[in-house]
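Trainee: Turn this into a model:
(chains A and B)
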Number of protein chains: 2
Amino acid sequence: MLPSKYKLRSLLAGTLTLSLALSSFSALAAEKVYRLKLAETWGPNTPILGDATKNMAKLAEEMSNGRLQIRIDSANKHKAPLGVFDMVKSGQYDLGHSSSYYWKGKVPNTLYFSSMPFGMVPAEQYAWFYRGGGMELMEKVYSPHNLLSFPGGNSDIQMGGWFKKEINSIEDLKGLKIRIPGFAGEVMAKVGAKPTNIAPGELYTSLERGTIDALEWVGPAFDLRMGFQKIAPYYYTAWHEPGSETQFLVNKKKWESLPHDLQSILETAFRVTAFDMYTQSVDANANSWSTMSAEYPDIKVRDFPPEVLQAMKAATTELLEDQANSDALAKEIIQSQEQYLAKVRAWTDISSKAYLDTSK
Amino acid sequence: MLPSKYKLRSLLAGTLTLSLALSSFSALAAEKVYRLKLAETWGPNTPILGDATKNMAKLAEEMSNGRLQIRIDSANKHKAPLGVFDMVKSGQYDLGHSSSYYWKGKVPNTLYFSSMPFGMVPAEQYAWFYRGGGMELMEKVYSPHNLLSFPGGNSDIQMGGWFKKEINSIEDLKGLKIRIPGFAGEVMAKVGAKPTNIAPGELYTSLERGTIDALEWVGPAFDLRMGFQKIAPYYYTAWHEPGSETQFLVNKKKWESLPHDLQSILETAFRVTAFDMYTQSVDANANSWSTMSAEYPDIKVRDFPPEVLQAMKAATTELLEDQANSDALAKEIIQSQEQYLAKVRAWTDISSKAYLDTSK
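Mentor: Sure, this is the predicted structure:
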C-alpha cells in the first residue's frame, strides 16, 4: 500500500518542510512517464486488428493517467510485418502485435498458440490459456527469446474458404490449387491438394483467372470487401482455424523495468483488448454475413463431406505426431491441447452444441 | 496528460522551492485512497461468483497502486442477498455484484440483462452488450435509479435441469412439479408444469422425497456438489438460460466522485473480470462434467423433444409480446435482442455450430 496516508497527515498538520520535499521525490517517481513503442504486423488502419492495438494503447494511457504512452507503428512505417518477433526480442520495439504462428519457421513451437486444425473454439481456447496451462506453456516457448507473449485478440472461427467447385469427395481435392499458408497448407498437401501462398493484393485476380481454384482468407468480416463471393460461390465451413488468436509481444527486459502497477495495467489492457477483439469479430462477422448473404444470395455454404474431413483430420494427427516425436516441448504442448480439448469439448457438446442444435 | 514533465524539469534544475511544494499538492491529490464497499448477493467464498468479486477488487487495487481499496461484504454480513439493488441505489454500498433478473419484481425491465429463454449464448450476448446496443439499453433501465450496471461475469450456458422421469411429450410436463424460478418458471407454467421455488438447502431432499419431480440449478460446476445426479438421472440440455450474465452495480453519485483514471481502472476491472468469470465457468463446467460423467455413468443427457421445445418457445414469445405491449422500453429492449439474435445466430450457425457438428 502507498504511504500516502502518512503524507496526507503531515500535509494537513501544515508541516510543509523537508519531509514533504523528500516525499515529493517518490510522488514524482510514481508519475514518471513511460513511452513504449509498439510494432504491429498489420497495415495502417486495418479494421479489427488495428483497432485492438489502438484500443489497448488508449486504455493503458487512461488507466495510468498518462504515465503509459504507447506509440503504434504499422507495417508501412517499420516495413517488416513479419519481423515483429525479432524487433521486440532485440529491443528495437518494446511491444508487438502479431500472430504466434507467423514465427514457426524461426521457433517451431510458437505454432500452437494461434489456432490448430480441428482444435479449440475461442471460448475453449481462452479456458485453456488462462485455466488449463496454456499461458505457462507459451511462456516456456517465448521466455528464452527475451519475450513475453499474451493472447492479443481472437478473430473468431475462420471459414474454410472460397471454392469455385463443390467438393464432394477426397478425389475433388487432388491437385486442387488452393491458397492456404502454414500448417493447414501442410495438411492440405497431405490429402493431395496443391497449397500455395499468394500476396493478398493478387488473390482476387488469381482466383478469377484460375491460377488458383480455391483460397481461405478469414471470415465474412474480412472476406466481404475482398469480393471472392463474386467468383467462387462455394463457401466452406471451418476446420483449419477454429479460434485464431493474435498475440501481444513484450520485450522482457523492458517489462521488468516497469513499476508493478503499470505492469498490471498493461497486462489487463492486453487481456481486455483480446476479449474485446473477439467480441468485435463476432459482431463484425454477423454484420458482414448479413450483408453478404443478402447481396449475394447465390453463395452456397457447404460443409466438407465427412470423408474429406476425416482425411484432413488424419493428416493433422500424423503431422502433429511427427512434431511431438521430434521435440519434447512440442509433445508437452500438443498433449496439453489434446487432453484439454477432449475434456472441454465433451462439455461444449452437451451445452453450446446441444443448444444450437435444438433451440431453433 | 499529467504535468509531470514540467515538474521533473524543475526538480532537475534543483529548484526545490515553492513551485515544488505547490505541485506536491496535486501529487498528493492523485494519491488519495478511495475506499469502496461492495455488497454481493452470494454467500462467503462462493466459488466462481465470489472469485469474480475478489479478482475484481485485487485487480483494481493493483492497477491503481493501492488508491482503490474495495471491501467485499458477502450475504452473511449484510443479510440482504436480494437487497443489493436497494443498498447500492441508496448509497449504503458503493458497489454490488448480483444478477439483473433478480430485480424484475421491482423494475421489470431489469429482466433482460441476465439471460433469456431461447436467447443468446455468451459470445453472442457479449457482442450485443458491447457492440449491439445492449449497454445503452441497460443504462436506460438503471440510470433513473442512480445506478450504473456492467456485465459482471457469465456462468456459461445453464443446463435445463435434473428430471426423475424422461420427458417424451408435452403431456409429460402437465402437472410436473419443478423448481424453476423467475421468467422461465412463467414459461413452464404456460406449458402446463407447476413451477415452485425452494430454498437451495432443501432442494436435494425435496427432489428425493418427490415434493418436486424436477429442478433446474446451474450446470455441472455448481450441480456436482449438490448431488442431484444420484436421485434424478435425466440431465436435460439448455433452453432457459443460454448465457447467464451477472452484473456489477455502481452507485452513480459515488462513480461521479471518482477521478477519471480510477473510473477507467474500475470499468476495465469489471470488464476483464466478467470475461474471466466466463472463462473460469467454461473450465469449471468441463472439469465437473468430466468428474460427474466418470463417477455417475448412468446420467442420461437428453434434449427436450422438438414438440416440447416448440411449446416452450411459443410460450416465451407470447409472454414477451405481452411485456412489449405494456411498456415502450420493454418493447425496445425485446426488439433489440430479437433483431440482434437473428443476425448473429445466422453467423453462429455457419461458424460454431457447423464446426461443432462436423469436426468430430
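
Trainee: A:Tyr235 and A:Ile299 touch, don't they?
Mentor: Yes - at 5.3 Å, A:Tyr235 and A:Ile299 qualify as touching, with contact defined as CB atoms under 8 Å. (C-beta placed from N, C-alpha, C; glycine too.)

Trainee: what do the two both touch?
Mentor: Contact criterion CB atoms under 8 Å, 6 or more residues apart in numbering or on different chains; residues shared by A:Tyr235 and A:Ile299: A:Gln229.

Trainee: More neighbours: those two, which one.
Mentor: For A:Tyr235 versus A:Ile299, neighbours defined as other CB atoms under 10 Å in any protein chain shown are more numerous around A:Tyr235 (24 against 19).

Trainee: Spell out the secondary structure type for that one.
Mentor: Secondary structure assignment for A:Tyr235 (DSSP: H, G, I helix; E, B strand; the rest coil): strand.

Trainee: Quick check: bridge partners of it?
Mentor: A:Trp162, A:Val301 (DSSP bridges).

Trainee: Quick one: residues contacting it.
Mentor: Neighbouring residues of A:Tyr235 by CB under 8 Å, 6+ apart: A:Met159, A:Gly160, A:Gly161, A:Trp162, A:Gln229, A:Ile299, A:Lys300, A:Val301, A:Arg302, B:Ile350.

Trainee: hmm, which of those residues are the buried ones?
Mentor: For the contacts of A:Tyr235, a burial check counting by 16 or more other CB atoms under 10 Å in any protein chain shown picks out A:Met159, A:Gly160, A:Gly161, A:Trp162, A:Gln229, A:Ile299, A:Val301, A:Arg302, B:Ile350.

Trainee: mind listing what the last one touches?
Mentor: If a contact means CB under 8 Å, 6+ apart, then B:Ile350 has A:Met159, A:Tyr235, A:Thr237, A:Trp289, A:Val301 as its contacts.

Trainee: Now for the residues you listed: which two are most distant?
Mentor: Distance extremes for the contacts of B:Ile350: the farthest pair is A:Thr237 and A:Trp289 at 12.2 Å, using CB to CB.

Trainee: quick one, which of these two is more surrounded?
Mentor: Of the pair A:Thr237 and A:Trp289, A:Trp289 is the one with more neighbours under other CB under 10 Å, namely 27 against 23.

Trainee: Can you tell me how far the more buried one is from B:Phe129?
Mentor: 20 Å (CB to CB, to the nearest Å).

Trainee: State the phi and psi torsions of the residue sitting nearest the centre point of chain A.
Mentor: Central residue of chain A (CA atoms, centre = their mean): A:Thr246, 1.6 Å from the mean position. With angles defined as degrees, to the nearest 10, A:Thr246 shows backbone torsions of phi -90, psi -170.

Trainee: which ones are touching A:Pro233?
Mentor: So A:Pro233 contacts A:Lys164, A:Asp298, A:Ile299, A:Lys300 (CB under 8 Å, 6+ apart).

Trainee: same thing but at 6 Å, please
Mentor: A:Pro233 sits next to A:Asp298, A:Lys300 when contact means CB atoms under 6 Å, 6 or more residues apart in numbering or on different chains.

Trainee: gap between it and A:Glu202?
Mentor: Taken as CB to CB, the span from A:Pro233 to A:Glu202 is 21 Å.

Trainee: What of A:Leu224?
Mentor: A:Leu224 is 19 Å from A:Glu202, by CB to CB.

Trainee: same check, this time on A:Tyr102
Mentor: 20 Å.

Trainee: Of the two, give the one with the bigger neighbour count.
Mentor: Just comparing A:Tyr102 and A:Glu202: by other CB under 10 Å the higher neighbour count belongs to A:Tyr102, 21 against 12.

Trainee: where does the stretch 51-200 of chain A come near chain B, residue by residue?
Mentor: A:Glu62, A:Met63, A:Asn65, A:Gly66, A:Phe118, A:Ala123, A:Tyr126, A:Ala127, A:Tyr130, A:Arg131, A:Ile157 (CB under 6 Å from any CB of the partner chain).

Trainee: would you say the fifth one is within a helix?
Mentor: In this case it means A:Phe118. No - A:Phe118 sits outside any helix when classified using three-state DSSP, being coil.

Trainee: Can you report how many residues lie near it?
Mentor: With other CB under 10 Å as criterion, A:Phe118 counts 20.

Trainee: Does it touch A:Lys313 like I think?
Mentor: Yes - A:Phe118 is within contact range of A:Lys313, at 5.3 Å (criterion: CB atoms under 6 Å).

Trainee: Compute the distance between the spatially closest residue to A:Asn197 that is not a sequence neighbour and chain B, please.
Mentor: Sequence neighbours aside, A:Pro181 is the residue nearest to A:Asn197 in space, at 4.5 Å (criterion: CB to CB, 6 or more residues apart in numbering or on different chains). Per CB to the nearest CB, to the nearest Å, A:Pro181 is found 20 Å from chain B.

Trainee: for stretch A:85-96, which positions count as buried?
Mentor: Within stretch A:85-96, judged by 16+ other CB under 10 Å, the buried ones are A:Phe85, A:Asp86, A:Met87, A:Val88, A:Lys89, A:Tyr93, A:Asp94, A:Leu95, A:Gly96.

Trainee: Out of these, flag the one nearest to chain B.
Mentor: A:Leu95 (17.9 Å; CB to the nearest CB).

Trainee: Nearest spatial neighbour of A:Ala284, chain-adjacent residues omitted?
Mentor: Per CB to CB, 6+ apart, closest to A:Ala284 is A:Ala221, 3.7 Å.

Trainee: do A:Leu356 as well
Mentor: B:Lys353 (4.3 Å).

Trainee: Likewise for A:Met188?
Mentor: A:Pro195 (4.7 Å).

Trainee: do the same with A:Thr205
Mentor: A:Thr211 (7.7 Å).

Trainee: Over to that neighbour. Which of the three states is it?
Mentor: What three-state DSSP gives for A:Thr211 is coil.

Trainee: ok, how many other residues are close to it?
Mentor: A:Thr211, neighbours per other CB under 10 Å, totals 14.

Trainee: pLDDT score assigned to it?
Mentor: The model reports A:Thr211 with a pLDDT of 97.

Trainee: how near is it to chain B?
Mentor: 27 Å.

Trainee: separation between that residue and A:Asp223?
Mentor: 19 Å.

Trainee: same thing with A:Ser359?
Mentor: From A:Ser359 to A:Asp223 the distance is 27 Å (CB to CB).

Trainee: Quick check on those two: which one has the bigger neighbour count.
Mentor: Neighbours were counted for A:Ser359 and for A:Asp223 using other CB under 10 Å; A:Asp223 has more, 23 against 20.

Trainee: who touches A:Gly43 in this structure?
Mentor: A:Ser74, A:Ala75, A:Asn76 are the contacts of A:Gly43 under CB under 6 Å, 6+ apart.

Trainee: Could you look up the SS state of it?
Mentor: Applying three-state DSSP: A:Gly43 is coil.

Trainee: Can you verify my assumption that the residue nearest to the centre of chain A contacts A:Phe150?
Mentor: No - using CB under 6 Å, A:Thr246 is not in contact with A:Phe150, being 9.9 Å away.

Trainee: what about A:Gly105, neighbour count?
Mentor: 11.

Trainee: go on, A:Met138?
Mentor: Neighbour tally, A:Met138, other CB under 10 Å: 23.

Trainee: now do A:Ala342
Mentor: 11.

Trainee: measure it to A:Asp283 for me?
Mentor: 31 Å.

Trainee: where do the helices sit along the stretch 151-300 of chain A?
Mentor: A:182-190, A:203-209, A:220-223, A:252-256, A:260-295 (DSSP state H, counting those that start in this stretch).

Trainee: ok now the second one, how far from the chain's centre?
Mentor: Spelled out, that is helix A:203-209. 27 Å (CA atoms, centre = their mean, to the nearest Å).

Trainee: No further queries at this time; thank you.
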